[in-house]
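Q: For reference, the sequence and a predicted model appear below.
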Amino acid sequence: MSDKTVTIPLHGRISSDNSAAVEQDIMSKLEGYDGNSVVLDASSLDYISSAGLRVILRLKKAYPEITVSNVSSEIYDIFEMTGFTEMMNVEKAYRVVSIEGCEEIGRGANGTIYRVDKDNVVKVYNNADALDDIKHEREVAKLALILGIPTAISYDVVKVGNSYGSVFELLNARSFSKILANEPDKIDWCVKEFVNMLKKIHSTVVPEGKLPDQKATVMGWAGFMQDHLPEAEGNKLLKLVEEVPHDDHMLHGDYHTKNLELQNDEVLLIDMDTLAVGHPIFELGSIFNSFIGYGECDKNLILNFQGFDHVMGENFWKKSLAAYLGTDDEERLREVEDKARIIGYTRMIRRSIRRKGLESEKGRAEIDFWKSELIELLGKYDTLLF
């Protein structure tokens with residue numbers, strides 16, 4: 001046989017009664033195969049005992065690249081409990097979910113959230129090979145919950161088209177974006193709850209090493225900008241970010257009104273895969289973009305993204321910033337907004353260039369506008385702290 005992957009199906013129950021016969025059957029199918037890659041297809045496997053596990057363990061010694069695929073949740077638990085998931089590649093058989101006709105209730109940097117029924121939502125990841133991303137988000141969401149941040153925890157992983165999704169229970173929940181779009185008179189209540197949650201996040205100390213450092217991420221953005229700004233401004237941007245001290249308080253990383261849900265009078269934070277630690281200025285830059293930045297050149301973008309128009313977006317940002325800082329002082333608010341804009345424009349320019357923005361007239365116009373604003377701001381400030 002050539003060195004291609006060989007797939008062998010497993011059927012029914014494998015126990016001490018038939019494990020020897022199953023092993024003999026598998027070995028007969030591998031006769032003459034001199035490769036390392038073997039896939040055991042467990043889609044028809046109903047049960048496996050310790051005797052069956054020993055068969056797979058012996059196969060692992062002979063074929064190091066062995067994979068057990070299409071494993072049911074019950075049998076996966078056996079593999080996980082016995083440590084096999086750490087010794088070899090064990091792939092779950094995932095329930096298939098369709099999002100056709102489903103309402104989009106949230107959109108983040110790494111995926112989109114849809115309501116699949118009145119009780120449940122599914123977050124569909126942009127990355128087709130998203131199982132590691134899903135594992136990361138479940139871990140950080142659990143950490144946030146332990147640290148006192150109210151959030152929904154994924155209880156299932158499903159296949160959605162060519163990608164994967166996490167399923168969450170959000171019974172009759174409504175996003176703050178939907179509330180603002182349908183009941184604009186509730187803006188002050190939404191601002192209060194939005195800021196309360198933001199302050200709760202930013203006051204939460206995270207144990208060392210549990211979350212990525214957002215400063216390192218923003219340093220990467222600033223480094224990217226060295227090729228797209230005049231030398232003096234590029235160096236100034238890098239220096240400003242470099243001088244922001246390390247901070248071990250939590251950041252959400254993609255905080256906006258689509259990622260806050262009201263469920264039975266409880267406010268829940270969702271879309272947790274961007275959790276990090278760092279100084280609040282990095283969060284404020286992202287928030288500015290969500291309500292104003294992305295729509296400065298095309299006002300319809302805020303409506304398309306948030307579900308409410310740019311006027312509501314600007315009003316919500318200004319009210320939220322004033323409540324967060326606890327001041328109505330215009331000079332103070334302008335200073336902090338300007339520093340948030342430095343981070344926001346840096347992020348948007350990098351994002352657009354990486355998405356081939358320089359290859360279209362519209363993209364070049366947006367990048368030129370953001371760069372001119374950024375260069376002006378860099379001339380005004382010598383620190384990002386506030």
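A: Thanks, I have the structure now. Numbering: from 1, shown residues only.
Q: Just confirm Leu284 is within a helix.
A: Yes. Assessed with DSSP: H, G, I helix; E, B strand; the rest coil, Leu284 lies in a helix.
Q: And for it, the neighbour number?
A: Leu284: 28 surrounding residues under other Cβ atoms under 10 Å. The way it works is simple: take the backbone N, C-alpha and C, and place the C-beta from them, glycine included.
Q: residue closest to the middle of the chain?
A: With distances taken as Cα atoms, centre = their mean, Asp273 lies nearest the centre of the chain, 3.2 Å away.
Q: I'd like the distance from the longest helix seen in the chain to the chain centre, please.
A: In the chain, assigned by DSSP state H, the helix with the most residues is helix 330-354. Its chain's C-alpha centre and that of helix 330-354 lie 22 Å apart, by Cα atoms, centre = their mean, to the nearest Å.
Q: Also stretch 271-287?
A: 12 Å.
Q: which residues touch the residue nearest to the centre of the chain?
A: Counting by Cβ atoms under 8 Å, 6 or more residues apart in numbering, Asp273 makes contact with Gly108, Ala109, Asn110, Gly111, Asp133, His136, Glu137, Val140.
Q: ok, of those residues, which one's closest to Leu30?
A: Taking Cβ to Cβ as the measure, Asp133 is the one of these closest to Leu30, at 34.2 Å.
Q: Would you mark the buried spots in whichever strand or helix holds that closest one?
A: In the assignment (DSSP states H and E), Asp133 maps to helix 131-146. The neighbour-count check on helix 131-146 (16 or more other Cβ atoms under 10 Å) flags Asp133, Ile134, His136, Glu137, Arg138, Val140, Ala141, Leu143, Ala144 as buried.
Q: Just put those in CSV and tack on pLDDT.
A: Below are those laid out as CSV (pLDDT from 0 to 100):
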residue, pLDDT
Asp133, 88
Ile134, 89
His136, 91
Glu137, 90
Arg138, 90
Val140, 95
Ala141, 94
Leu143, 97
Ala144, 97
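Q: contacting residues around Lys199?
A: Shown in contact with Lys199 (Cβ under 8 Å, 6+ apart): Tyr324.
Q: any idea how far it is from Leu143?
A: Distance, Lys199 to Leu143, using Cβ to Cβ, to the nearest Å: 19 Å.
Q: helix, strand or coil for the residue nearest to the centre of the chain?
A: coil.
Q: Ramachandran angles for it?
A: Phi and psi for Asp273, reported as degrees, to the nearest 10, are phi -70, psi -10.
Q: Over to the one 3 residues further on?
A: For Ala276, the backbone dihedrals (degrees, to the nearest 10) come out as phi -150, psi -180.
Q: how does this protein divide up, domain by domain?
A: The record's domain parsing of the chain by automatic domain parsing lists 6-93, 103-169, 178-378.
Q: now the helices for this structure?
A: Assigned by DSSP H, the helices in the chain fall at 19-29, 50-62, 73-81, 84-87, 131-146, 176-182, 187-202, 214-224, 231-242, 280-291, 300-306, 310-325, 330-354, 361-378.
Q: any idea which of those helices is most buried?
A: helix 280-291 (a mean of 24; mean count of other Cβ atoms under 10 Å).
Q: Out of the domains of the chain, the one nearest Leu385 is which?
A: Among those, domain 178-378 comes nearest to Leu385, with 6.8 Å by Cβ to Cβ.
Q: Check the offset of the closest one from the chain's centre.
A: That offset, for domain 178-378, works out to 16 Å (Cα atoms, centre = their mean).
Q: which stretches of this protein have low pLDDT?
A: For the chain, applying pLDDT under 70 flags the ranges 1-3.
Q: Looking at the buried residues of helix 131-146, spot the one nearest Ile353.
A: Set against Ile353, the nearest of the buried residues of helix 131-146 by Cβ to Cβ is Asp133 (23.6 Å).
Q: Would you reformat the domains of the chain as CSV and include distance to Leu384?
A: Below are the domains of the chain laid out as CSV (distance: least, Cβ to Cβ, whole Å):
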stretch, distance to Leu384
domain 6-93, 42
domain 103-169, 21
domain 178-378, 5
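Q: Relative to Phe386, which of those is closest?
A: Phe386 sits nearest to domain 178-378 of all these, at 4.8 Å, using Cβ to Cβ.
Q: measure the closest one end to end?
A: 36 Å (Cα to Cα, to the nearest Å).
Q: Could you check the longest strand anywhere in the chain and say which residues are buried?
A: Identified as the longest strand of the chain according to DSSP state E is strand 38-48. Across strand 38-48, burial judged by 16+ other Cβ under 10 Å covers Val38, Val39, Leu40, Asp41, Ala42, Leu45, Ile48.
Q: on that earlier part again, reformat the helices of the chain as JSON lines; add distance to Val116.
A: Below are these laid out as JSON lines (distance: least, Cβ to Cβ, whole Å):
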{"stretch": "helix 19-29", "distance to Val116": "39"}
{"stretch": "helix 50-62", "distance to Val116": "35"}
{"stretch": "helix 73-81", "distance to Val116": "19"}
{"stretch": "helix 84-87", "distance to Val116": "28"}
{"stretch": "helix 131-146", "distance to Val116": "16"}
{"stretch": "helix 176-182", "distance to Val116": "16"}
{"stretch": "helix 187-202", "distance to Val116": "25"}
{"stretch": "helix 214-224", "distance to Val116": "32"}
{"stretch": "helix 231-242", "distance to Val116": "40"}
{"stretch": "helix 280-291", "distance to Val116": "25"}
{"stretch": "helix 300-306", "distance to Val116": "21"}
{"stretch": "helix 310-325", "distance to Val116": "28"}
{"stretch": "helix 330-354", "distance to Val116": "29"}
{"stretch": "helix 361-378", "distance to Val116": "34"}
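Q: Cool, thanks, signing off.
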